[in-house]
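Chemist: the following comprises the amino acid sequence and a computationally predicted model.
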Amino acid sequence: MSSSRPAPWLTIVLHEPEIPNNTGAIGRTCVATGAALRLIEPIAFDTSEKACRRAGLDYWPRLAPRMHASWAHYLAEARPPRIWLYTTRSARPHWDADVRLGDHLVFGKETAGLPGEILREHADRTVTLPMIEGERSLNLANAACAALYEAMRQIVKQNEARLDRDGRLYV
């Protein structure tokens, strides 16, 4: 395994993100872990180079997120090998997903989550981050981070990646 920056081993997908700070934090987590980021439009904020520079997102060029005009365009262009849809409308905990190299972890917009039609179309791929009764959701950036690190744990355990003695990930 090479010590150079690995190719994306997982992909985070944000469907119609609304809050730039969440997308920025998720992007930073993707850069730190070598994951890719895909954004499905419409996006409720400016992602131009000027806007990213003004927001202090100096890592954004290294992230190089891919944009997709719609869910259908994402499926056609990304051709994800497998997807996991994160939703509060699932009873299956995310640690029961059998995550593999190349999988895409999909999250909906902050105010509404993923559309029902997408969840119904991929009902066997929905997972949730368990919470106590009465709580409605987690912050999107926190949910994506928790999902990504659980995926990393599984992939390392399956010997599809490794951590060196300094705790650095190699895929």
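Modeler: Okay, I see it. Numbers count the residues shown, from 1 in each chain.
Chemist: my guess is residue 140 meets residue 17, correct?
Modeler: Yes. With contact defined as C-beta atoms under 8 Å, residue 140 reaches residue 17; the gap is 7.4 Å. Where you see a C-beta, it was placed from the backbone N, CA and C, and this is true even at glycine.
Chemist: identify the contacts common to the two.
Modeler: Residues touching both residue 140 and residue 17 (C-beta atoms under 8 Å, 6 or more residues apart in numbering): residue 110.
Chemist: for this structure, which helix is longest?
Modeler: helix 140-157 (DSSP state H).
Chemist: residues contacting that one, please?
Modeler: With contacts defined as C-beta under 8 Å, 6+ apart, helix 140-157 is touched by 9-10, 12, 14, 17, 19, 21-22, 25-26, 29-30, 33, 35, 84, 86, 94-95, 98-101, 103, 105, 107, 110, 129, 137-138, 161-163, 169, 171.
Chemist: what does stretch 122-139 give?
Modeler: In contact with stretch 122-139 (C-beta under 8 Å, 6+ apart) are residues 22, 82-94, 96-97, 113, 119, 143, 146-147.
Chemist: helix, strand, or coil at the most centrally placed residue in the chain?
Modeler: Nearest to the geometric centre of the chain sits residue 12, at 2.1 Å (C-alpha atoms, centre = their mean). At residue 12 the chain is in strand, as set by DSSP: H, G, I helix; E, B strand; the rest coil.
Chemist: per-residue confidence at it?
Modeler: Per-residue pLDDT puts residue 12 at 98.
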